[in-house]
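1. Quick check, what structure comes out for this input:
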Amino acid sequence: MSSVRFVFPKPRLAELLAMPGGLPVAEAVERAQANLESIKPTCSAELLALLELCEAGYATLGDGFDDSALEGLYAIAVKGIGAGEVCGAPPVDIALTSFCDLLDHLRTLRRFDRAAVGVHVQAWRLLMSPGVPKAGAEQILEGLLKVRARYAAEAAAAASNAA
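-> Next up, the predicted model:
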């Protein structure tokens, strides 16, 4: 007669999870900040290059609705979102998000407003300038968000009418 013996291995995952390891949070944050500082100049240069592409695209726009041109501006602007924080210009991220939202709304409405698009491009340039006072940046962003909100309301109304 043979006997059966069941062997259950001790799971190491629970043991590994209970063991301390890695960097302390303060040190990890410090290293991350140092890494961000090291890429700041490159990031600023890339964000300025995107801005120049956007300005060139804006300059070629006609006065009528052009879906592919607005899509091109969107593709440029969306690449810059997040870079403002790294470059030390966080308001740029808010402006770019507003710009992308505006372009979405205009494409949804199949309309074009040269002034609304232009003010976002110009604000991007202004917010990239060194030494913009915080109060000034807040006023610029407030204006951009009002422009975006106007078209957001129209796009929402159009969507509810279509449904």
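
2. so where is this structure shaky, pLDDT-wise?
-> Scanning the chain with the threshold set as pLDDT under 70 gives 1, 163.

3. Now the top helix by length along it: buried residues?
-> The longest helix of the chain (DSSP state H) is helix 25-59. Neighbour-count burial for helix 25-59 flags C43, S44, E46, L47, L48, L50, L51, L53, C54, G57, Y58 (criterion: 16 or more other Cβ atoms under 10 Å). Quick note: C-beta positions are derived from backbone N, CA and C, even for glycine.

4. any idea how far the fifth one is from A89?
-> When Cβ to Cβ, to the nearest Å is the yardstick, L48 and A89 sit 11 Å from each other.

5. Report how many residues lie close to the nearest residue to L36 once chain neighbours are set aside.
-> Among residues not flanking L36 along the chain, V86 sits closest, at 5.6 Å (Cβ to Cβ, 6 or more residues apart in numbering). Neighbourhood size, V86 [other Cβ atoms under 10 Å]: 19.

6. Give me the helices and strands touching the host helix or strand of V86, please.
-> Assessed by DSSP states H and E, V86 sits inside helix 83-87. If contacts are counted by 3 or more Cβ pairs under 8 Å, 6 or more residues apart in numbering; DSSP states H and E, helix 83-87 sits against helix 25-59, helix 90-109.

7. hang on, W124 packs against C54?
-> Yes - if you go by Cβ atoms under 8 Å, W124 and C54 touch, sitting 7.0 Å apart.

8. Quick check: neighbours shared by those two?
-> A77 (Cβ atoms under 8 Å, 6 or more residues apart in numbering).

9. Dump the helices and strands packed on helix 83-87 to CSV, plus distance to A116.
-> Below are the helices and strands packed on helix 83-87 laid out as CSV (distance: least, Cβ to Cβ, whole Å):
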stretch, distance to A116
helix 25-59, 11
helix 90-109, 6
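
10. Of those, which is nearest A152?
-> Distance to A152, taken as Cβ to Cβ, is lowest for helix 90-109 among these, at 5.6 Å.
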